[in-house]
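Student: Any chance you could fold what I've pasted below:
(2 chains)
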Protein chains: 2
Amino acid sequence: MPDRRLDVLAIGNAIVDVIADADDDFLAAHGMHKGAMQLIDEAQAARLYQAMGPAREASGGSAANTVAGLASLGLKAGFIGQLGDDQLGSIFSHDIRSLGVEFATPPRSGIGATGSCLILVTPDAQRTMNTFLGAAQVLEPDAVDLAQVADAAILYLEGYLWDPEGPRAAMYKAMDAAREARTKVAFTLSDSFVVDRHRGDMLRLLEEGRIDILFANGVEILQLAGSDSVDEAVATVAPQVQTLVVTMSEKGALAVRRGERANVPAERIERLIDTTGAGDLFAAGFLAGEARNLGLEPSLRLGAICAAEVIQHYGARPEADLRSLAKGLFD
Amino acid sequence: MPDRRLDVLAIGNAIVDVIADADDDFLAAHGMHKGAMQLIDEAQAARLYQAMGPAREASGGSAANTVAGLASLGLKAGFIGQLGDDQLGSIFSHDIRSLGVEFATPPRSGIGATGSCLILVTPDAQRTMNTFLGAAQVLEPDAVDLAQVADAAILYLEGYLWDPEGPRAAMYKAMDAAREARTKVAFTLSDSFVVDRHRGDMLRLLEEGRIDILFANGVEILQLAGSDSVDEAVATVAPQVQTLVVTMSEKGALAVRRGERANVPAERIERLIDTTGAGDLFAAGFLAGEARNLGLEPSLRLGAICAAEVIQHYGARPEADLRSLAKGLFD
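Tutor: Have a look, this model is predicted:
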């Protein structure tokens, strides 16, 4: 891969997380699927927020969390995502830029509030997410700078953004530019309900060879393969993509690339607090390894280290310096 | 004390905290006094925010934190404070109301943004605060509902609010109503620089018998008494107020009431993370004890328990259920 200005350029939801504790009864009373993400509109968000306990706020968004992890690992990263012109938007911009991430998408007024994700953390540390996409869903293809895509070694796309039409068109545009520029394309399925809603599109992306690295968790890969065995699902999907990465929470993760297979256990942790961002930070570690050509197994280990950091505190962005946690493996 | 609808009604800054890690060099480069609070204007806030690392946001404000602690202990509390009509204001309102606190001050537009406090936490867990008061300083005497003051057993006032004229007038109005209704008045000096700026006023409040319970930390009591020995300062100030409470960080706290003296050590903690809110939560515990007539020593212990909870995580609001932490002492 030629030396590029950016190691990774991501397109994703620009969102601020609103994190509160809740119990299982609260999830049941509000008809939520534990561990999943559901899209809600502004009125639903207002009702749910009213019912929630006191919260803490922090920048979020799946691919944005990944990019924050990459920056913490010392990689050069860029981000594309749409904010509203408001205080939450300022928080998001500040946080991502203060990490040294290139973020040039201008906030827009008149398109509604900056997106937010109401996250309920249950005593088992699982997170259940209710996303009001707001301005994030108004991302237009114009926001994709073709030169920036060409300047990146890897383009990373967030499956959550597949729902709204504008961002989907923006991602198609970016994938075309990536192919042209020999930028690798990485894609995360994000959530089993996303796969459920867009399985045809996802399979077509693979068939058309548009994706070089596919990230899925155990449930998502089953959903995509239409199987009830992870081994079988991996065997079905792996031949359709250059690199397949499957994360399985406390069971670790595996990767398959052209017949080569690697797996790692989950890192030991002291105390599990909030699993929000686990998959996002795993992707950060793996992509960092890929960008530095470490090979499958070290890249998986880097992913596991980054995921372990983020689940030991509230919020989906790393708090420790990931570069020093990854010492030895990296740099 | 007759049975009142509210145990404590507080008047304070309605503020959202923006919390980031920083090192001593950062504080020095920005001319900050470690551990203190300085007032900054909107332009200074914007410059400082730009220089800060990624942050987390949570409702704050000194007396508001105290009220949150009281609610977590199961007491009936009310709050008066001014918000702007914006997203940070909505966060503050949500958080305080979701705790069951009576908060009826309407947000106002056209008075600037909701106040915020840029808090830098150094590796020694000390917090250094830079407050942009914003809408909080526009609190008017009209915001004080005399019937609400009369319905409270204790009125609690935040020294930080003594700087701007409107809130100061609002607090005088509330103190007059409290005297009329035989509501006890508690006052926290908040910060040594506040005492420095308003020492004459503070001494006059004591002289006029307007304050029943005075909260100070070690530095503030020295400043108020114009002394360089805490023992001497306590001996000077104690005769001027019914109840004097002095907190001394890891050295514990003491209280003096009409010759009776009590002291407690600091509670043991597992890990010190962020001292923001320590004094505020100490006040919550002590006031809860006072409201339930527990006596000086148990009230101090309750204060120490609440302070110990809040310094073991980021942010100035309790995360654990304080009522269950205080079991045995209380309820």
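Student: The strand or helix carrying residue A:324 vs chain B: in contact?
Tutor: Mapping residue A:324 onto the secondary structure by DSSP states H and E places it in helix A:322-325. No: between helix A:322-325 and chain B, judged by CB under 8 Å from any CB of the partner chain, nothing touches; the nearest distance is 12.8 Å. (Glycine included, C-beta is placed from N, CA and C.)
Student: and that helix, what does it pack onto?
Tutor: Judged by 3 or more CB pairs under 8 Å, 6 or more residues apart in numbering or on different chains; DSSP states H and E, helix A:322-325 is in contact with helix A:62-72, helix A:296-310.
Student: relative orientation of the last one and helix A:62-72 in degrees?
Tutor: It refers to helix A:296-310. With axes from the mean of the first three to the mean of the last three CA atoms, to 10 degrees defining the directions, helix A:296-310 sits at 100 degrees from helix A:62-72.
Student: so, in contact with chain B or not, helix A:296-310?
Tutor: No: where contact is defined by CB under 8 Å from any CB, no part of helix A:296-310 touches chain B; the two come within 13.0 Å at best.
Student: buried stuff in that helix?
Tutor: For helix A:296-310, a neighbour-count test (16 or more other CB atoms under 10 Å in any protein chain shown) marks A:296, A:298-310 as buried.
Student: got it, and the first one?
Tutor: Buried residues in helix A:62-72, defined by neighbour count with 16+ other CB under 10 Å: A:62, A:63, A:64, A:65, A:66, A:67, A:68, A:69, A:70, A:71, A:72.
Student: and chain B, which of the residues you listed contact it?
Tutor: Cross-checking the buried residues of helix A:62-72 against chain B (CB under 8 Å from any CB) gives residue A:68 as the overlapping residues.
Student: which residues does the closest residue in space to residue A:299 that isn't next to it in sequence contact?
Tutor: Nearest residue to residue A:299 in three dimensions, chain neighbours excluded: residue A:289, at 2.7 Å (CB to CB, 6 or more residues apart in numbering or on different chains). By CB atoms under 8 Å, 6 or more residues apart in numbering or on different chains, the residues touching residue A:289 are A:295, A:298, A:299, A:300, A:301, A:302, A:303, A:329, A:330.
Student: cool, residue A:71 as well?
Tutor: Residue A:71 makes contacts with A:77, A:99, A:100, A:101, as judged by CB under 8 Å, 6+ apart.
Student: Thought residue B:54 was touching the second one, still the case?
Tutor: Right, the one you point to is residue A:99. Yes: proximity of residue A:99 to residue B:54 meets the contact threshold set by CB atoms under 8 Å, at 5.9 Å.
Student: list residues touching both of these two?
Tutor: Common neighbours of residue A:99 and residue B:54, using CB under 8 Å, 6+ apart, are residue A:68.
Student: okay, the contacts of residue A:289 in JSON lines with pLDDT next?
Tutor: As requested, the contacts of residue A:289 are exported to JSON lines (pLDDT from 0 to 100):
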{"residue": "A:295", "pLDDT": "96"}
{"residue": "A:298", "pLDDT": "97"}
{"residue": "A:299", "pLDDT": "97"}
{"residue": "A:300", "pLDDT": "98"}
{"residue": "A:301", "pLDDT": "97"}
{"residue": "A:302", "pLDDT": "97"}
{"residue": "A:303", "pLDDT": "98"}
{"residue": "A:329", "pLDDT": "85"}
{"residue": "A:330", "pLDDT": "77"}
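Student: ok, so of these, who is nearest residue A:228?
Tutor: Closest to residue A:228 out of these is residue A:300 (24.5 Å), distances taken as CB to CB.
Student: How about that closest one, nearest residue that isn't a chain neighbour?
Tutor: Using CB to CB, 6+ apart, the nearest residue to residue A:300 is residue A:264, at 4.4 Å.
Student: Could you report the pLDDT at residue A:90?
Tutor: Looking at residue A:90, its pLDDT is 97.
Student: Is it within a helix or a strand, and which one?
Tutor: Element membership for residue A:90 (DSSP H and E) is helix A:87-98.
Student: hmm, that helix touching chain B?
Tutor: Yes: contact between helix A:87-98 and chain B is present through A:87, A:88, A:91, A:94, A:95, A:96, A:98 (criterion: CB under 8 Å from any CB).
Student: What are the boundaries of the strands in the stretch 151-300 of chain A?
Tutor: For the stretch 151-300 of chain A, the strands defined by DSSP state E, counting those that start in this stretch cover A:152-158, A:184-188, A:213-217, A:243-247, A:253-257, A:260-264.
Student: measure residue A:242 to residue A:211 for me?
Tutor: Distance of residue A:242 to residue A:211, computed by CB to CB, to the nearest Å: 8 Å.
Student: Who has more neighbours out of the two?
Tutor: When residue A:242 and residue A:211 are compared on other CB atoms under 10 Å in any protein chain shown, the one with more neighbours turns out to be residue A:211, at 22 against 15.
Student: Give me the nearest residue to that one, chain neighbours excluded.
Tutor: The spatially closest residue to residue A:211, leaving aside those adjacent along the chain, is residue A:187, at 4.7 Å (CB to CB, 6+ apart).
Student: again with residue A:315
Tutor: residue A:58 (4.2 Å).
Student: next one: residue A:214
Tutor: Counting by CB to CB, 6+ apart, residue A:241 is the residue found nearest to residue A:214 once chain neighbours are left out, at 4.7 Å.
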